[in-house]
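Asks: Pasting the sequence and the predicted coordinates here, then a few questions.
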Amino acid sequence: MQLDHTVNQIKGVGEKSSTLFRKLGIENIRDLLLYFPNSYKRYEAPVFIEELEVGRRMAVKAQITSKPDFRRVRSLTLTTCFAKDVTGALKLVWFNMPYLRNTLHTGQTYVFVGDISMKGNTLTMEHPEFYKEEDYKALEKVLQPIYGLTKGLTSKSIGKAVRAVLPLVDDIPEPLPDEIIEKYDLMYYSDAIKLMHFPEDEELFMKARKRVIFDEFFFYLARMEKLKEGQLQVTNHYVINENDIKDSFISSLPYKLTAAQKRTVDEICEDMAGDLVMNRLVQGDVGSGKTIVAAISFLVCVKSGFQCAYMVPTEVLAGQHFEKLKKLLEPYGVRVSLLCGSTPAKEKRMIYEGLKAHDIDLVIGTHAIIQDKVEFKELALVVTDEQHRFGVKQREKLSKKGDMPHVLVMSATPIPRTLAIILYGDLDISVIDELPANRLPIKNCAVGVNYRPAAYKFITKEVAAGHQAYVICAMVDENDTLEVENVIGYTETLKEKLPPSVRIEYLHGKMSSEEKQSIMNRYYNREIDVLVSTTVIEVGIDNPNSTVMMIENAERFGLAQLHQLRGRVGRGDAQSYCVFMCGKESREAMDRLQVLVDSNDGFFIANEDLRLRGPGDFFGYRQSGDPYFKLADVYNHADVLRNAKRAVDEVKKRGMLEEVIASDLRGGSYTDINL
Ligand code: ADP
Ligand code: MG
């Protein structure tokens, strides 16, 4: 067996599972070994029955006191029995496992692990796993890996496949030079891989994890360093000086720019009028008004006789920016086009020609605008929105479309300035640290599901007042199909619960671009009152008439993501509301959501998130899904980030940058974006 053998050559992995593995991006054995668990499950020490807490998943050692009872309820079968220890009694319930009545017998003692609830007056454990005491003791010592899954694959089956090829880890070459490994006290990568999958010892596991995080930062920074080499101190070919048009455009806007927006616009215009090419990051919390800053930059550029490109992470967002910028800029003679993956071939060809001939001044689109076929005649400014959704490579590719154009990147990620300087080391930074004055702070609440009827009533009231609402359905699990079913099912239920006059539609990532675009357009045109959606609407969407954001199963999201989602409301002058619906009876989950209730400030929330999670608490935390940093987190691992930066500088000093980047195991896929 070799690393580049396909997974179906592993014993026990058939054609069918290979297809499923492929869905997860796992083609060969190397991919499999580098597919790390998302989280880990720990089997905790059993407690007494009287110590069980409702809403938690816990383990208890108890003796079965009744013969299992078996019933059918609609399409379910229920198997129930009672168990006791010296402190109390507990009801055990299993769904669709009728054979258990032949396995479980009165008088047997097991360790039961399951979710604790109170049904009527009866303490109940739902769908418990159960183990013989000595088997459980063995489990207790080891963290169990939980992998990102697709329907049909279990963590157990992935773990088994990994186990089967684990010795091949030693064939994976070490990507970092020995001196770096020694100096920063890092574990060898091959050892780290083994421990990531099977963390037998917690201390060693922490070291393994640190190594993986170090590499994520290191290779990101190394690539950026390389990018910088080609970019620094480049003479400005496109001197842009259009202050008159800028001022008249700004005074024609229906609102006054905030001081922070003005300052940022000035910094950009100074850069573009200066001797060197601009490389600037604009950082501003959701709703701080970054789009208009981009619009002004485009206008001055085009009026100086040049072309511009605006790259955004999703088609929905591209469509929205296109509509907006067209309205704003066309009166000034700016010719705007939209180019996405789903643009019809014929139209694409016309846009390619238009860009090459400079019949188009501004193109807005997804990564479609960095395809090889796209050529510009006089590209002077490239802007990426929601920068954190792109890799360094995309940014690089976009600027290569021209001859050293000005580069502007926009981000809503609230990163402290010192860390931003490391992460975006090749960029100057402008911060929009102020929201438009007309904004009322969003009113928030974190509530349990029993509040749902009241929330529906509230949405109905807001809709009657002419406003609109979003309802976000969280993923049920990592599984795409389930997510779609979930959104559609939820929409149907919601239609039954709200008056028929309320127009409800849904949106999810699996819809075609035209469908998505049409739903969004109808939502902007107020033909839809309530939009039920997955997180596809998370980035950038702007409909100031929306005043309610209701997030189901809010406990499943990270705080930063919830803050982004909430940023979809409170964008106009009406009072807006955000309802965090907690699907789990858990003190801990509620405490976490309370951070968002207490604050609308992205920086504060990111810091609290860090504090609540604590540096050691990695287990079971859901990762952000950031394509670049799968485990690494700028807040949690600021120290590792600093070390990685030092290491990159050292490697560079020794002239080994190129060589080390080439040894990055994740290769090209590392910088691909997920659209
Ligand atoms: P983000 O920074 O999240 O990208 P947007 O650029 O989408 O924010 O702006 C959010 C909303 O605020 C938009 O509807 C925009 O028209 C509006 N807006 C931007 N600047 C101002 C301002 N200075 N005063 C009032 N409204 C503004
Ligand atoms: Mg935006």
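Replies: Great, that's in hand. Ligands and ions are numbered 1, 2, ... in the order given.

Asks: For the rest of this, base every contact and every neighbour count on C-alpha atoms.
Replies: Noted.

Asks: could you give the mean pLDDT of stretch 664-674?
Replies: For stretch 664-674, mean pLDDT rounds to 47.

Asks: Could you do stretch 630-641 as well?
Replies: pLDDT averaged over stretch 630-641 gives 80.

Asks: Please identify the buried residues of that stretch?
Replies: Buried positions in stretch 630-641, judged by neighbour count with 16 or more other C-alpha atoms under 10 Å: 631, 632, 633, 634, 635, 636, 637, 640, 641.

Asks: The fifth one touches residue 607, doesn't it?
Replies: Which is residue 635. Yes. Contact criterion C-alpha atoms under 8 Å: residue 635 and residue 607 qualify, at 7.5 Å.

Asks: Check the burial of the residue nearest to residue 543 when sequence neighbours are not counted by counting its neighbours.
Replies: Counting by C-alpha to C-alpha, 6 or more residues apart in numbering, residue 543 lies nearest to residue 524, which is 6.3 Å off, once chain neighbours are set aside. A total of 18 residues lie near residue 524 under the criterion other C-alpha atoms under 10 Å.

Asks: Need the phi and psi values for residue 524.
Replies: Here is the backbone geometry of residue 524 (degrees, to the nearest 10): phi -60, psi -40.

Asks: All the strands of the stretch 201-350 of the chain, in order from the start?
Replies: With DSSP state E, counting those that start in this stretch, the ranges of strands along the stretch 201-350 of the chain come out as 279-284, 307-311, 336-339.

Asks: avg pLDDT for the last one?
Replies: Averaging pLDDT along strand 336-339 gives 97.

Asks: Alpha carbons only: can I get that strand in PDB?
Replies: Presented in PDB, the C-alpha positions along strand 336-339 are these (Å, rounded to 0.1, in the frame of the first residue of the first chain):
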ATOM      1  CA  VAL A 336     -21.100  47.600 -14.700                       C
ATOM      2  CA  SER A 337     -21.400  43.900 -15.300                       C
ATOM      3  CA  LEU A 338     -22.100  40.800 -13.300                       C
ATOM      4  CA  LEU A 339     -20.000  37.600 -13.900                       C
END
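
Asks: Direction included, what does that strand pair up with?
Replies: Paired neighbours of strand 336-339 in the sheet (DSSP bridges): strand 362-365 (parallel).

Asks: same check, this time on the second one
Replies: Looking at strand 307-311 with DSSP bridges, its paired strands and their directions are strand 362-365 (parallel), strand 379-384 (parallel).

Asks: Just the C-alphas of that strand, formatted as CSV.
Replies: What follows is strand 307-311, C-alpha atoms only, in CSV (Å, rounded to 0.1, in the frame of the first residue of the first chain):
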residue,chain,number,x,y,z
GLN,A,307,-11.2,49.4,-15.0
CYS,A,308,-12.1,47.8,-11.6
ALA,A,309,-13.0,44.3,-10.4
TYR,A,310,-15.0,43.4,-7.3
MET,A,311,-14.7,39.8,-6.1
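
Asks: which other residues reach it?
Replies: Strand 307-311 is contacted by residues 298, 301-302, 318, 358, 360-367, 369, 376-385 when judged by C-alpha atoms under 8 Å, 6 or more residues apart in numbering.

Asks: how close does the nearest residue to residue 354 once chain neighbours are set aside get to ligand 1?
Replies: Excluding its sequence neighbours, the residue lying closest to residue 354 (C-alpha to C-alpha, 6+ apart) is residue 360, at 5.3 Å. According to C-alpha to the nearest ligand atom, to the nearest Å, residue 360 and ligand 1 sit 23 Å apart.

Asks: I'd assumed residue 336 was in contact with residue 360.
Replies: Yes. With contacts counted by C-alpha under 8 Å, residue 360 reaches residue 336, the gap being 6.2 Å.

Asks: Now do the contacts for the residue nearest to residue 354.
Replies: Residue 360 touches 307, 335, 336, 337, 351, 354, counting by C-alpha under 8 Å, 6+ apart.

Asks: ok, of those, which come out buried?
Replies: Buried members of the contacts of residue 360, counted by 16+ other C-alpha under 10 Å: 307, 335, 336, 337, 351, 354.

Asks: If you drop the residues flanking it in sequence, what lies closest to the fourth one?
Replies: If the residues on either side of it in the chain are set aside, residue 337 comes closest to residue 363, at 4.9 Å by C-alpha to C-alpha, 6+ apart.

Asks: Surely the residue nearest to residue 354 forms part of a helix?
Replies: No. Counting by DSSP: H, G, I helix; E, B strand; the rest coil, residue 360 is not part of a helix but coil.

Asks: Phi and psi next, for it.
Replies: phi -120, psi 130.

Asks: For the protein, which residues are neighbours of ligand 1?
Replies: 255-258, 284, 286-292, 436, 540, 542, 544, 571 (C-alpha under 6 Å from any ligand atom).

Asks: ok, of these, which come out buried?
Replies: 257-258, 284, 286-292, 436, 540, 542, 544, 571.

Asks: okay, who's weakest in those by pLDDT?
Replies: Among those, residue 540 carries the weakest pLDDT, at 68.

Asks: Residue 389: neighbour count?
Replies: Residue 389: 21 surrounding residues under other C-alpha under 10 Å.

Asks: Now do it against ligand 1, distance only.
Replies: Distance, residue 389 to ligand 1, by C-alpha to the nearest ligand atom: 14 Å.

Asks: Return the backbone torsion pair for the residue nearest to that residue when sequence neighbours are not counted.
Replies: Spatial nearest neighbour of residue 389, excluding adjacent residues (C-alpha to C-alpha, 6+ apart): residue 313 at 6.3 Å. The phi/psi pair for residue 313 (degrees, to the nearest 10) reads phi -80, psi -20.

Asks: wouldn't residue 313 be in contact with residue 385 here?
Replies: Yes. Counting by C-alpha under 8 Å, residue 313 does reach residue 385; the two are 7.3 Å apart.
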